[in-house]
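Trainee: can you look at this prediction? I've put the sequence above it.
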Number of protein chains: 4
Amino acid sequence: MTQAIQQQTIALVGQIFDQQMPFHQFLGLRVKRYDLSGVEVELAMKPELVGNFHHNILHGGVTATILDVVGGLTAFAGLVSSRDNWQAEQLEQRLKALSTIDLRVDYLRPGKGVCFTGTGEVIRSGNRISVCKMELHNEKNHQIALGTATYVVG
Amino acid sequence: MTQAIQQQTIALVGQIFDQQMPFHQFLGLRVKRYDLSGVEVELAMKPELVGNFHHNILHGGVTATILDVVGGLTAFAGLVSSRDNWQAEQLEQRLKALSTIDLRVDYLRPGKGVCFTGTGEVIRSGNRISVCKMELHNEKNHQIALGTATYVVG
Amino acid sequence: MTQAIQQQTIALVGQIFDQQMPFHQFLGLRVKRYDLSGVEVELAMKPELVGNFHHNILHGGVTATILDVVGGLTAFAGLVSSRDNWQAEQLEQRLKALSTIDLRVDYLRPGKGVCFTGTGEVIRSGNRISVCKMELHNEKNHQIALGTATYVVG
Amino acid sequence: MTQAIQQQTIALVGQIFDQQMPFHQFLGLRVKRYDLSGVEVELAMKPELVGNFHHNILHGGVTATILDVVGGLTAFAGLVSSRDNWQAEQLEQRLKALSTIDLRVDYLRPGKGVCFTGTGEVIRSGNRISVCKMELHNEKNHQIALGTATYVVG
């Protein structure tokens, strides 16, 4: 029953991030997978996302955006899975409070590729604060960037 | 004469960042001022840049993008002004090498506003590496975010 | 009356950080000033604090330590001054909860000098989370490092 | 022959960091293992390293110190292993230039334990700049902290 609440919430949040966040739509960012165990966010390269037109690589701001979205979803999934007696209204409140406090991006390789995938992991979980580690890879599985971010989750 | 090279280069780079970077065009990001003493990057709010549609605030990824652009321009201006005997080709090489190593964003207030302005300052300058501090304010001069970033400048 | 509680708490915490924290004693770190408006932490150079013996400069870990201490005291002072109806027990609880979530240090110049002073500023304040910016200067007022850190304050 | 230069240099640097850095001696920090494939830095708890005397945990500044030392050694090993035609004098020059540009520490768990071990990994390598990821664990293999840092290596 409560497990149902957890899963329904995650499914709903995945849908919102995939289809109702204006900036995600604008970029073409998609939530490919989102469940209690993790998230996969995908972005197909397109000309508008290029920073340096000489090198045809992803703008660093897009990299930061994907990592921030991945981190937020990861932090929220961690919070949802931390208790099995959530009520739907509580999780709704938590989602409204979800926000990034700080984000570090390490740019490891130029953002070359046709499709980029972001994944994440909770490295410190708490009732109010969550810290996540995120990675961005291209379709050849080359790591483009590492992210580390702290989120308010309640 | 060489001062002319410095100023021409900065003017040209400002123009490129203002008019020829695809992702900057896509967002509507403008370089309002760029000279040897600093930079001012501006972005007008528009519906596509919203992250959280409930609160109508700027997506954190857009904040990170502006800060990264401001930092890159700030680092480059610092490099250009560090010597007065540059040749145009040298600066062209340096511009090609310009890239972000790491970026930290501290989100200080929700990104509410109709127009956002990013400014920056070099805090460590070198021939290869530059560290900058950046700020993002809205039109009411409320600070939205602080950035700290390390750039390769050669 | 409550203002008295604020000031007594700050005075007591300053004393604890100055005289009862084992690692502070070990380093010789002193809290020179601590009140609701800010903090000044001082450390005199001594041979044991040297990292690179060729250059006789402060170890980067000592720099990080001073910045972290300054940030914690700054965050706590910000919390205390955010309300004027604290009870002493509440502030005691808050002090016990005080901890660093993340810290970024930018090393701006080699740590040369005979006396180092750390100062700080709250840049995001909240009831649970506080973000601070810290600086370390030597006795010639050259800035050695910049710190940015996020603290749990409750 | 050059492989011999690589290994001798690493052995020498490990010895210097283990026995000749004043602040390392002061803390009791030991380089347990250092070769081209990685590093292991160890620190035994002692009363002087305690931050919060209520909880008897490692001061956050000590955590930052270990991570910074680990990162520097990791970055240097990465540089040494990046080429097999180094001359001893070149590596000596590189070692002198080795310095931290920026360091982020994420404090994941309170620093409880009797012995702490730091390990690291190069995540971006270059001829001038290296970015490393570091971890600190206690003797129960609980991760205390994550570090991310950028180093000048030449």
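Mentor: Okay, I see it. Bear in mind the structure is a predicted one, so any value in this text is a computation, not a measurement.

Trainee: does the helix or strand containing A:Ile10 reach chain B?
Mentor: Assigned by DSSP states H and E, A:Ile10 falls within helix A:2-19. No - counting by CB under 8 Å from any CB of the partner chain, chain B is not contacted by helix A:2-19; separation bottoms out at 8.8 Å. Placement of C-beta: from N, CA and C, glycine included.

Trainee: following that helix, which helix or strand shows up next?
Mentor: Following helix A:2-19 in sequence order, the next helix or strand is helix A:22-27 (DSSP H and E).

Trainee: coming back round to it: can you give the contact residues for the helix holding A:Ile10?
Mentor: With contact meaning CB atoms under 8 Å, 6 or more residues apart in numbering or on different chains, helix A:2-19 is reached by A:24-25, A:30-31, A:34-36, A:39, A:69, A:73, A:76-77, A:80-81, A:84-88, A:91-92, A:95.

Trainee: repeat that for stretch A:38-58.
Mentor: A:14, A:27-34, A:59-62, A:66, A:69-70, A:73-74, A:77, A:110-121, A:144, B:20-23, B:25-26, B:96.

Trainee: the same query, at a cut-off of 7 Å, please.
Mentor: Outside stretch A:38-58, the residues that touch it by CB atoms under 7 Å, 6 or more residues apart in numbering or on different chains are A:27-33, A:59-60, A:62, A:66, A:69-70, A:73-74, A:77, A:110-120, B:20-23, B:26, B:96.

Trainee: among the contacts of helix A:2-19, which ones are buried?
Mentor: The neighbour-count criterion (16 or more other CB atoms under 10 Å in any protein chain shown) marks A:24, A:30-31, A:34, A:39, A:69, A:73, A:76-77, A:80-81, A:86, A:91, A:95 among these as buried.

Trainee: tell me which of those fall in helices.
Mentor: Members of the buried ones among the contacts of helix A:2-19 lying in helices (criterion: DSSP state H): A:24, A:69, A:73, A:76-77, A:80-81, A:91, A:95.

Trainee: ok now the helix holding A:Ile10, how far from the chain's centre?
Mentor: For helix A:2-19, the separation from the chain centroid amounts to 14 Å (computed by CA atoms, centre = their mean, to the nearest Å).

Trainee: go through it and flag the buried ones.
Mentor: The neighbour-count check on helix A:2-19 (16+ other CB under 10 Å) flags A:5-6, A:9-10, A:13-14, A:17-18 as buried.

Trainee: send me that helix as PDB with only the CA atoms.
Mentor: Output in PDB follows, covering the C-alpha atoms of helix A:2-19 (Å, rounded to 0.1, in the frame of the first residue of the first chain):
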ATOM      1  CA  THR A   2       2.600   2.600   1.100                       C
ATOM      2  CA  GLN A   3       5.000   1.000  -1.400                       C
ATOM      3  CA  ALA A   4       2.300   1.900  -3.900                       C
ATOM      4  CA  ILE A   5       2.500   5.600  -2.700                       C
ATOM      5  CA  GLN A   6       6.200   5.600  -3.100                       C
ATOM      6  CA  GLN A   7       6.100   4.200  -6.600                       C
ATOM      7  CA  GLN A   8       3.200   6.300  -7.800                       C
ATOM      8  CA  THR A   9       4.900   9.400  -6.500                       C
ATOM      9  CA  ILE A  10       8.200   8.600  -8.300                       C
ATOM     10  CA  ALA A  11       6.300   7.800 -11.500                       C
ATOM     11  CA  LEU A  12       4.400  11.100 -11.300                       C
ATOM     12  CA  VAL A  13       7.600  13.100 -10.500                       C
ATOM     13  CA  GLY A  14       9.400  11.500 -13.400                       C
ATOM     14  CA  GLN A  15       6.500  12.400 -15.700                       C
ATOM     15  CA  ILE A  16       6.600  16.000 -14.500                       C
ATOM     16  CA  PHE A  17      10.300  16.400 -15.000                       C
ATOM     17  CA  ASP A  18      10.000  14.700 -18.400                       C
ATOM     18  CA  GLN A  19       7.000  16.600 -19.700                       C
END
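
Trainee: so where is chain A shaky, pLDDT-wise?
Mentor: Counting by pLDDT under 70, the ranges of chain A that qualify are A:1-2.
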